[in-house]
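S.K.: Sequence first, then the predicted structure, then my questions.
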Amino acid sequence: MKKKLIEKIKRSAIKGRLGDFTCNFIAVVLGIAITFVGSDMIQEHNKKKEVTQALQLVKSELLINWETIEGACYLLQYKDKMNEASSDSLNYYGYFPFQSQNFPPVTDAMEMLRASSVMQNIKNKELAVEIIQSKRHGDRKVYQSARI
């Protein structure tokens, strides 16, 4: 009878240890898996945020450049007949003649985008190509693009 009782206690102790070990092992594996998945999700969110911020800077820069081009074009259109031009437009675009001769477009944000790893994180590759081309060609489509 004593042997049977001791055997039962030993078996239950072994089963208990194995059960505890299995439970702890599963908990550790799940913890590691959740940590990696959570970390990847956080990194992906941060990449998207970084891309969005960089594209907002590029959009602002492109819009400033386009506004300068529009102002120079407006003033060139009325260069021989300034009295026919709108006084509001002349007040608004009045400083553009000084910029239009040697128009250096602002490209700081585009250079930052090109030099950083953000460009490769842009999922829409056509947009990335349009941004690069807009720097070379002054493409109005990208300047006013709502996708940026």
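M.R.: Right, received. Where do you want to start?
S.K.: can you pull out the strands in the chain?
M.R.: Using DSSP state E, no strands are found in the chain.
S.K.: Contact partners for the residue nearest to the spatial centre of it?
M.R.: In the chain, the C-alpha closest to the average C-alpha coordinate belongs to residue 51, at a distance of 0.9 Å (CA atoms, centre = their mean). Contact analysis of residue 51 by CB atoms under 8 Å, 6 or more residues apart in numbering lists 118, 121-122. C-beta coordinates here come from the backbone N, C-alpha and C atoms, glycine included.
S.K.: Tell me how many other residues surround residue 68.
M.R.: Residue 68 is flanked by 19 other residues according to other CB atoms under 10 Å.
S.K.: try the one 3 residues further on
M.R.: Applying other CB under 10 Å, we find 19 residues neighbouring residue 71.
S.K.: Please identify, among the contacts of residue 51, the one with the most neighbours.
M.R.: Neighbour max across the contacts of residue 51 (other CB under 10 Å) = residue 118, 19 neighbours.
S.K.: Quick check: the gap between the residue nearest to that one when sequence neighbours are not counted and residue 45.
M.R.: Spatial nearest neighbour of residue 118, chain neighbours left out: residue 54 (4.6 Å); criterion: CB to CB, 6 or more residues apart in numbering. Here the criterion is CB to CB, to the nearest Å. By it, residue 54 lies 15 Å from residue 45.
S.K.: Repeat that for residue 81.
M.R.: 55 Å.
S.K.: Who's the closest spatial neighbour of residue 74, skipping the chain neighbours?
M.R.: Per CB to CB, 6+ apart, closest to residue 74 is residue 93, 5.4 Å.
S.K.: circling back to that earlier point, burial of the residue nearest to residue 118, as a residue count?
M.R.: Residue 54 has 20 nearby residues by other CB under 10 Å.
S.K.: what does residue 36 give?
M.R.: Residue 36, neighbours per other CB under 10 Å, totals 10.
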